[in-house]
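Engineer: have a look at this prediction, sequence included:
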Amino acid sequence: MDLDHLRCFVAAAEELHFGRAAQRLDMLPSALGRFVRLLEEDLGTRLMTRTTRSVTLTDDGAVLLKDARALLAQADALAGKFRTRGRKRAANIRVGAIDSAAAGLLPRLLHDFRKRWPDVSVQLVEDKTVRLLPRLLSGRLDLAFVRPPERPDKRLEFAFLLHETAVVAVADRHPLAPRKQVIIADLENEPLIVPERRSRPHSHDLTMKLFAEAGLEAHVAQIADEKQTIVNLVSTGLGVAIVPRWTSRMATRGVQFIRLAASDMNKLPLAAAWTRGTGDPVRDDVLAMLKADLRRYAREA
């Protein structure tokens, strides 16, 4: 049996929905379905009953699910053991971060890190949460700063760090540009630029929830995934965007960032994530350093 095929089966069995299972594994539903069929062919039995409306486990599928979870846990523990052994000899740390954390948190954090670990090199990867988490699971990253997912993978550890404050990005010639602060009602008739929910659920939902809280309809004019692209589109006057405050550190001409009036929803969570059951003295020291001085790191978020 192929472990990747087993992972696909377990995800599909737990979600009972191929679309959600594929999203959880950051793959296409068609590929996930193909891997489950290959597993069924390999075992010579039907594991799932699939219709256009539902997915259910067969008796053999239910039996396999329990054993597959145990087998995958054992495989993950074995991989983690040897990654830990390798990390003890390593002179580098591989860190992933979403774009706003890369712009706001990492510069100060790495400055402090260099003082404590001058001989350790740092490899940085900037990407979306949905792409960083699989890198952690495959051992290609040691630590990542991400938005906590709606359904956390049990193979990962998450530690909440802080909330990033949301601000409104407008073109510098926009009528709202001179303002020091705005409320959602000020954006009632404004075309909005938002990310796709599948790739950035927290950022997408923040805009929608803020408008819903104000009893207003959000008028989405453009979908764009990358923060830099969103800000560039704002600079052309295509629309306005609600973005994390740290986004203002991305160098873009012709854009003003305006404070958004305080709201319980006006926040984006940031968490640290790493592979459960692994030991890494460098990573653990970074986490301890963050925890000890979190208030300072969070001050400008």
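Structural biologist: Alright, I've got the coordinates.

Engineer: burial measure for Asp284, as a count.
Structural biologist: By other Cβ atoms under 10 Å, the residues close to Asp284 number 13. In this view, the C-beta of every residue, glycine as well, is placed from N, C-alpha and C.

Engineer: quick check: closest non-adjacent residue to Phe211.
Structural biologist: Ala218 (4.1 Å; Cβ to Cβ, 6 or more residues apart in numbering).

Engineer: helix, strand, or coil at the one you found?
Structural biologist: Of the three states, Ala218 takes coil under DSSP: H, G, I helix; E, B strand; the rest coil.

Engineer: what residues of the lowest-mean-pLDDT helix or strand in the chain count as buried?
Structural biologist: Evaluated with mean pLDDT, DSSP states H and E, the helix-and-strand set of the chain has its lowest mean pLDDT in helix 59-89, which scores a mean of 79. For helix 59-89, the neighbour count (16 or more other Cβ atoms under 10 Å) marks Gly61, Leu64, Leu65, Ala68, Leu72, Asp76, Ala79, Gly80, Arg83, Arg87 as buried.

Engineer: what is the nearest of these to Thr275?
Structural biologist: The shortest separation between Thr275 and any of those is 6.1 Å, and it belongs to Gly80 (by Cβ to Cβ).

Engineer: just after the top strand by length along the chain, pick out the following helix or strand.
Structural biologist: Assignment by DSSP state E gives strand 156-171 as the longest strand of the chain. Heading C-terminal from strand 156-171, the first helix or strand you meet, by DSSP states H and E, is strand 181-182.

Engineer: contacting residues around that next one?
Structural biologist: By Cβ atoms under 8 Å, 6 or more residues apart in numbering, the surrounding residues in contact with strand 181-182 are Val168, Leu176, Ile258, Arg259, Leu260, Ala261.

Engineer: circling back: show me what the least confident helix or strand of the chain is packed up against.
Structural biologist: The elements that helix 59-89 packs onto, with contact taken as 3 or more Cβ pairs under 8 Å, 6 or more residues apart in numbering; DSSP states H and E, are helix 3-15, helix 281-292.

Engineer: let's go with 7 Å and repeat that
Structural biologist: With contacts defined as 3 or more Cβ pairs under 7 Å, 6 or more residues apart in numbering; DSSP states H and E, the secondary structure elements packing on helix 59-89 are helix 3-15.

Engineer: contact partners of the helix or strand that the helix it packs on is followed by?
Structural biologist: Once the chain leaves helix 3-15, the next helix or strand it forms, by DSSP H and E, is helix 18-24. Contacting residues not belonging to helix 18-24 are listed as Ala11, Ala12, Glu15, Leu28, Pro29, Leu32, Gly33, Val55, Arg151, Arg198 [Cβ atoms under 7 Å, 6 or more residues apart in numbering].

Engineer: ok, now stretch 214-230?
Structural biologist: Judged by Cβ under 7 Å, 6+ apart, the contacts made with stretch 214-230 from elsewhere in the structure are 99-100, 184-185, 188, 191-196, 199-200, 207-208, 211, 233, 238-239, 241, 243, 247, 250.

Engineer: between the two ends of it, how far is it?
Structural biologist: The distance separating the two terminal residues of stretch 214-230, taken as Cα to Cα, to the nearest Å, comes to 23 Å.
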